[in-house]
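J.: what's the 3D shape of this:
(one chain, ligands or ions: 2)
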Amino acid sequence: MNDSDRKTQGMFDDDMFRGFFGDGLNHFIEAHNNCHIHLKVAYDELKNGCSKVVFYSRKKLCQSCAGTGDANKEPPSQCPACSGSGTNTKTKTGFLGWTKTTTEACSYCFGVGSIAKTPCFTCKGYRIIEVSERQVISIPASPMTHVAHTFTYPGLGNYINDDTNGDLTVKVVT
Ligand SMILES: [Zn+2]
Ligand SMILES: [Zn+2]
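T.: Ligands and ions are numbered 1, 2, ... in the order given. Take a look at the predicted model:
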């Protein structure tokens, strides 16, 4: 396909959509799941490589309830307010006898359809908490000490799901 063919297809062909939104969205999700810190490292330490203890805040699965959201680690029960559907239907009756039906997200379970029997005290039933994390990271030897260095540590970022965590990126300043 040449350029003029492309133009006749209009503004929004698949490639452009992917370019505008697909990658942008992925970048947004990645950025959201990654943790970023700045770390001061001495000139010689950066030049020769070193290991550093870093502290940062990170979203992790709640350990108190093993990620169930329930203080007794029991599976959640069906929401009594919406019978598990996550939505409620409200019927309004007007003074002349007309009725109006609206469906909205259940306000009791916030549309999830289930609730923790005994919400976990630590995470309040949200399953994920923000913790102060301590990690030992290794800074590789970087002879070019005058350029900015950013190192990525896969899996040390925020919780995404049981198999995946975001990354930790460390911007080194000397
Ligand atoms: Zn509900
Ligand atoms: Zn918890």
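
J.: which phi and psi values does the residue most central in space within the chain adopt?
T.: With distances taken as CA atoms, centre = their mean, the residue of the chain nearest its centroid is Asn33 (4.6 Å). Torsion angles at Asn33 (phi, psi; degrees, to the nearest 10) stand at phi -90, psi -10.

J.: spit out the contact partners of it.
T.: Neighbour list for Asn33: Gly157, Asn158, Ile160, Asn165, Gly166, Asp167 [criterion: CB atoms under 8 Å, 6 or more residues apart in numbering]. Where C-beta positions appear, they are placed from N, C-alpha and C, glycine not excepted.

J.: and the residue lying closest to Asn165 once chain neighbours are set aside, what does it touch?
T.: Distances taken as CB to CB, 6 or more residues apart in numbering put Gly155 closest to Asn165, at 4.7 Å, once the chain neighbours are dropped. For Gly155, the contacting residues are Thr164, Asn165, Asp167, by CB under 8 Å, 6+ apart.

J.: need the buried ones from the contacts of Asn33 selected in ChimeraX.
T.: Of the contacts of Asn33, the buried ones can be selected in ChimeraX as follows, counting by 16 or more other CB atoms under 10 Å:
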select :157,158,165,166,167
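
J.: which single one of the contacts of Asn33 is nearest to Ser77?
T.: Closest approach to Ser77 among the contacts of Asn33 (CB to CB): Ile160, at 26.2 Å.

J.: count the residues that sit near the nearest residue to Gly86 once chain neighbours are set aside.
T.: Distances taken as CB to CB, 6+ apart put Gly113 closest to Gly86, at 4.0 Å, once the chain neighbours are dropped. Neighbours of Gly113 under the rule other CB atoms under 10 Å: 16.
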